[in-house]
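sequence first, then the predicted structure, then my questions.
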Amino acid sequence: AALTVRFLTRRFIGEYGDMEFIYSHNVTVDGREILFHIWDAPNSQEQTEDGSSEEKRIQWADSFVLVYSICDRASFNILPLKIQFIKAAKEGQSQEKVPIVIVGNKRDLHHQRVVSSEEGRLLALSLDCGFYEVSAAE
């Protein structure tokens, strides 16, 4: 959520609840105006009782940005399963590759880091995803 709000407003807000939001936002890229619809859903570490809502989000989206905290190993470890689930749902319907980017957040908290940049890059490479490390705070 912090990364989404930072993208939309250029402001950092550190505390969020576990709520889903859908945002719309216009951005000019290479002289073209692009309308983004962002479905910001918090990650549940547990298997959800209602898997249909996650399936609905996957079918709704054209691309995915999966964010983990470099200070939270569990948020990183769940990524391979999530990516496999997304690819099975999206790529099974068509031959097109689904755009997925893995983002390690909280780069500014390097003293609390438990997931290395190299681990993030290797995971992205092995799953054919993009990779970035960022700090929503900075």
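Alright, I've got the coordinates.

relative to the whole chain's centre, how far out is the helix or strand containing Tyr23?
Under the criterion of DSSP states H and E, Tyr23 resides in strand 21-29. In terms of Cα atoms, centre = their mean, to the nearest Å, the centre of strand 21-29 is found 15 Å from the chain centre.

output the contacting helices and strands for that strand.
helix 2-9, strand 32-40 (3 or more Cβ pairs under 8 Å, 6 or more residues apart in numbering; DSSP states H and E). (Glycine included, C-beta is placed from N, CA and C.)

quick one: mean pLDDT over the longest helix anywhere in the chain.
For the chain, the longest helix by residue count, based on DSSP state H, is helix 79-91. Averaged across helix 79-91, pLDDT comes to 88.

begin at 565 from here
Right, with 565 as the first residue, what we last looked at is helix 643-655.

may I have the helix or strand that that helix is followed by exported as PDB, CA atoms only?
Using DSSP H and E, the helix or strand that follows helix 643-655 in sequence is strand 664-669. Written as PDB, here are the backbone C-alpha positions of strand 664-669 (Å, rounded to 0.1, in the frame of the first residue of the first chain):
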ATOM      1  CA  ILE A 664       5.200  -9.700 -13.700                       C
ATOM      2  CA  VAL A 665       7.700  -7.600 -11.700                       C
ATOM      3  CA  ILE A 666       9.000  -8.500  -8.300                       C
ATOM      4  CA  VAL A 667       9.800  -5.500  -6.100                       C
ATOM      5  CA  GLY A 668      11.800  -5.600  -2.800                       C
ATOM      6  CA  ASN A 669      10.600  -2.700  -0.700                       C
END
